[in-house]
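> All I have is the shape, not the residue letters:
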Ligand SMILES: [Zn+2]
């Protein structure tokens, strides 16, 4: 019984590790290292181990570890105001931009401002709740404006800018469309990151996730797997509603915890999808 639980716990840890990797790959400053640390090293030794890592980092880089963390967050945290990066036009040297992209004097497409706040770019309020239809409408409008076909006869700089803006608009749209991505992005805008200790996780959460994992592992009927998937979809739907309330009331710690949980639920959904796919293949 005990070793069985240990195995399941290991499986849970692997999944949490995957979530952490995903976050890192997205260039996300939200740290989930506390999750994996919780799993991989005994709690009593965790602090010491972290201490060693930190001090070696300090020596290697010749800077304070805390500074490194701050730098990383700053790197990924977009500015709340995009006006600073929107300097004079590279062509006519005048100021002023339409939709952050086009010079209002000469109409030339400006260089991409990668630091732009995605909400500003899509002309939306910096808020978790948004109208998906409105987001999609704005996205299409902007994509039409910078579509590379429209710049094929223009100077190289405008051609390149058109491709760059197009990619950025896609990225902004993708980020804001998915509630979990949007939530993480909003946290980053507010300079928030995942807490470095284990306080964000409670036993209840871990047990709940372990049981869910177990249920998926042990279920071999297509209908039952789909039922679990539907239940998760419902939980995610409710989660979006709660997230909206948490962001509105500035309960950011609760929003963070909920985001971790939702990311986990999405990863379980992916497992179910893979399992169903395998059943179909065999
Ligand atoms: Zn100009």
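Structure's in. What do you need? Everything quoted here is computed from the prediction, not taken from an experiment.
> how about the one residue in the stretch 151-282 of the chain that gets nearest to the ion, what does it touch?
When scored by Cβ to the ion, the stretch 151-282 of the chain has residue 158 as its residue closest to the ion, at 11.1 Å. Yep, even glycine has a C-beta here, placed from its N, CA and C like the rest. By Cβ atoms under 8 Å, 6 or more residues apart in numbering, residue 158 lies in contact with 108-109, 151.
> which strands and helices sit next to the helix or strand hosting residue 145?
Element membership for residue 145 (DSSP states H and E) is helix 132-146. Other helices and strands packing on helix 132-146, by 3 or more Cβ pairs under 8 Å, 6 or more residues apart in numbering; DSSP states H and E, are helix 156-177.
> Buried by neighbour count: which residues of the helix it packs on qualify?
Buried positions in helix 156-177, judged by neighbour count with 16 or more other Cβ atoms under 10 Å: 158-159, 161-162, 164-166, 168-169, 172-173, 176.
> re earlier: mean confidence for the helix holding residue 145?
The average pLDDT within helix 132-146 is 97.
> before we move on, the earlier item: same list (the buried residues of helix 156-177) but as CSV, adding distance to residue 217 and pLDDT.
Formatted as CSV, these follow (distance: Cβ to Cβ, whole Å; pLDDT from 0 to 100):
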residue, distance to residue 217, pLDDT
158, 54, 97
159, 52, 96
161, 50, 96
162, 49, 97
164, 45, 96
165, 45, 97
166, 43, 96
168, 41, 97
169, 41, 97
172, 38, 98
173, 36, 98
176, 34, 98
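> Would you mark the buried spots in the lengthiest helix in the chain?
Longest helix in the chain, counting residues (DSSP state H): helix 252-281. Neighbour-count burial for helix 252-281 flags 254-265, 267-269, 271-272, 275 (criterion: 16+ other Cβ under 10 Å).
> So which bits of this structure are right by the ion?
Contact residues (Cβ under 5 Å from the ion) of the chain with the ion: 89, 91-92, 103, 105-106.
> Select, from the residues you listed, the two members most distant in space.
Using Cβ to Cβ, the residues of the chain next to the ion reach their maximum pairwise distance at 91 and 105, which is 8.7 Å.
> what sits against residue 142?
Contact analysis of residue 142 by Cβ under 8 Å, 6+ apart lists 99, 101, 121-122, 165, 169.
> actually residue 282, not the one I typed
Taking Cβ under 8 Å, 6+ apart as the definition, residue 282 has no contacts.
> quick one: buried residues of stretch 228-243?
Neighbour-count burial for stretch 228-243 flags 228-229, 232, 236, 239-240, 243 (criterion: 16+ other Cβ under 10 Å).
> for the record, mean pLDDT for it?
Computed over stretch 228-243, the mean pLDDT rounds to 96.
> what does it contact?
128, 179, 183, 212, 215-216, 219, 255, 258-259, 261-262, 265-266, 268-269, 272-273.
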